[in-house]
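Student: Mind looking at a prediction? Sequence and model below.
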Amino acid sequence: GFFGGIGGASRKGILIKGSNYLEALNSVDVVVFDKTGTLTKGVFKVTKVSPQDGVTPEELLTFAAYAESYSNHPIATSILNAYQKDVDKEVISDYEEVPGQGISVKVDGKEVLAGNYRLMVSKNIPYENVDTAGSVIHVAVDKNYAGNIVISDEIKEDSKEAIRALKGIGVKKTVMLTGDNKSVASKVGAELGLDEVYAELLPDQKVERLELIDKEKSSKGKMIFVGDGINDAPVLARADIGFAMGGLGSDAAIEAADVVIMTDEPSKVAGAIKIARRTKTIIW
Ligand code: ADP
Ligand code: MG
């Protein structure tokens, strides 16, 4: 019965937190994915460091690394990896992480900002428009624009199969929501064959978009959201069935989720639906 279904799923690395979710998985119409850490690896590599005149590339990377040293966002990890040196945390104060935007912090008394263009706009810093298929981190020091760092993530090997498998079992719509820029989002969307892609969303806007998608689908159909919990915990909670990536995800995400994918493979979403359908055949 249901417990058999849950046990069978857990042997495949899919933890379903109750029989009600197993039942809901039988009537899924829409699957909505987060990008970073869910469809992409969440392991960014620094591909370009572009300082303004009077700033060296080392200085730019140092400011970015100091700003990011308290963040557990995948972007922070990548910048600290590129920096390669230790950060002296004693010079850091007034740390503030703005979800979907970046970091504001004091380093040695200087006000340092590191984040996307929205952060620059909100702090009135004129920034350089960068034309790239990567994610752009702008850096400002004491209100002066210091330059930008372009970083790139890779699509998970499993993601294409994940979308194909969902279509193969009759899921009507696949969607990606991301806080990242439009060029990155549309590239990922085209490569994976997603039906809809929404970019440059703040955490609240992700919830609003999810609600619109919910209204558009049939009233009986269920909606899944799949995320890693970083900047998407509210959407995880709002979906009919929230899936979290167990390996990359935050503890809060694993707590908030209804289903946890231990292997971080998005194709396990279709796997969970298939198990639920088999379980239903066995019971009824
Ligand atoms: P996603 O929706 O792809 O998972 P997030 O919502 O976590 O992305 O972040 C959206 C955007 O906000 C990032 O692409 C980045 O531009 C900016 N951002 C978020 N956190 C940070 C950070 N720690 N440092 C710099 N930029 C950040
Ligand atoms: Mg995220």
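Tutor: Structure's in. What do you need? Ligands and ions are numbered 1, 2, ... in the order given.
Student: Surely Ala9 is in a helix?
Tutor: Yes: assessed with DSSP: H, G, I helix; E, B strand; the rest coil, Ala9 lies in a helix.
Student: list the contacts for the residue lying closest to Pro74 once chain neighbours are set aside?
Tutor: Leaving aside its sequence neighbours, Pro74 sits nearest to Gly42 (C-beta to C-beta, 6 or more residues apart in numbering; 4.0 Å). The way it works is simple: take the backbone N, C-alpha and C, and place the C-beta from them, glycine included. Contacts for Gly42 were tallied using C-beta atoms under 8 Å, 6 or more residues apart in numbering; they are 36, 74, 153, 228, 248.
Student: Is the longest strand along the chain positioned near ligand 1?
Tutor: What stands out as the longest strand in the chain, according to DSSP state E, is strand 144-152. No: applying C-beta under 6 Å from any ligand atom, one finds strand 144-152 separated from ligand 1 by no less than 9.0 Å.
Student: buried sites along the helix or strand following that strand?
Tutor: For strand 144-152, the succeeding helix or strand toward the C-terminus, using DSSP states H and E, is helix 159-168. Using 16 or more other C-beta atoms under 10 Å as the test for burial, helix 159-168 gives 159-163, 165-166.
Student: of the contacts of Gly42, list those near ligand 1.
Tutor: Filtering the contacts of Gly42 for neighbours of ligand 1 using C-beta under 6 Å from any ligand atom leaves Thr36.
Student: before we move on, back to that, mind checking how far the residue nearest to Pro74 is from ligand 2?
Tutor: Gly42 is 8 Å from ligand 2, where distance means C-beta to the ion, to the nearest Å.
Student: can you list the contacts of Gly42 in JSON lines and add neighbour count?
Tutor: Conversion of these to JSON lines gives the following (neighbours: other C-beta atoms under 10 Å):
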{"residue": "Thr36", "neighbour count": "26"}
{"residue": "Pro74", "neighbour count": "21"}
{"residue": "Asp153", "neighbour count": "23"}
{"residue": "Asp228", "neighbour count": "25"}
{"residue": "Leu248", "neighbour count": "19"}
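Student: Kindly indicate which of the contacts of Gly42 lies nearest ligand 2.
Tutor: Thr36 (4.4 Å; C-beta to the ion).
Student: pretty sure the closest one contacts Asp153?
Tutor: Yes: in this structure, Thr36 is within contact of Asp153 by C-beta atoms under 8 Å, at 6.5 Å.
Student: okay, and the common contacts of these two?
Tutor: With C-beta under 8 Å, 6+ apart, Thr36 and Asp153 have common neighbours 42, 74.
Student: where along the stretch 151-284 of the chain do the helices fall?
Tutor: 159-168, 182-192, 203-216, 233-238, 251-256, 268-283 (DSSP state H, counting those that start in this stretch).
Student: By mean pLDDT, point me to the weakest helix or strand of this structure.
Tutor: One helix or strand of the chain scores below all others by mean pLDDT, DSSP states H and E: helix 2-11, with a mean of 78.
Student: mind exporting that helix as PDB, just the C-alpha atoms?
Tutor: Coordinates of each C-alpha in helix 2-11 appear next as PDB, following Å, rounded to 0.1, in the frame of the first residue of the first chain:
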ATOM      1  CA  PHE A   2       1.100   3.600   0.600                       C
ATOM      2  CA  PHE A   3       3.900   2.600   2.900                       C
ATOM      3  CA  GLY A   4       5.200   0.300   0.300                       C
ATOM      4  CA  GLY A   5       5.200   3.200  -2.200                       C
ATOM      5  CA  ILE A   6       7.100   5.400   0.300                       C
ATOM      6  CA  GLY A   7       9.600   2.700   1.100                       C
ATOM      7  CA  GLY A   8      10.200   1.900  -2.600                       C
ATOM      8  CA  ALA A   9      10.700   5.600  -3.200                       C
ATOM      9  CA  SER A  10      13.200   6.000  -0.300                       C
ATOM     10  CA  ARG A  11      15.300   3.100  -1.800                       C
END
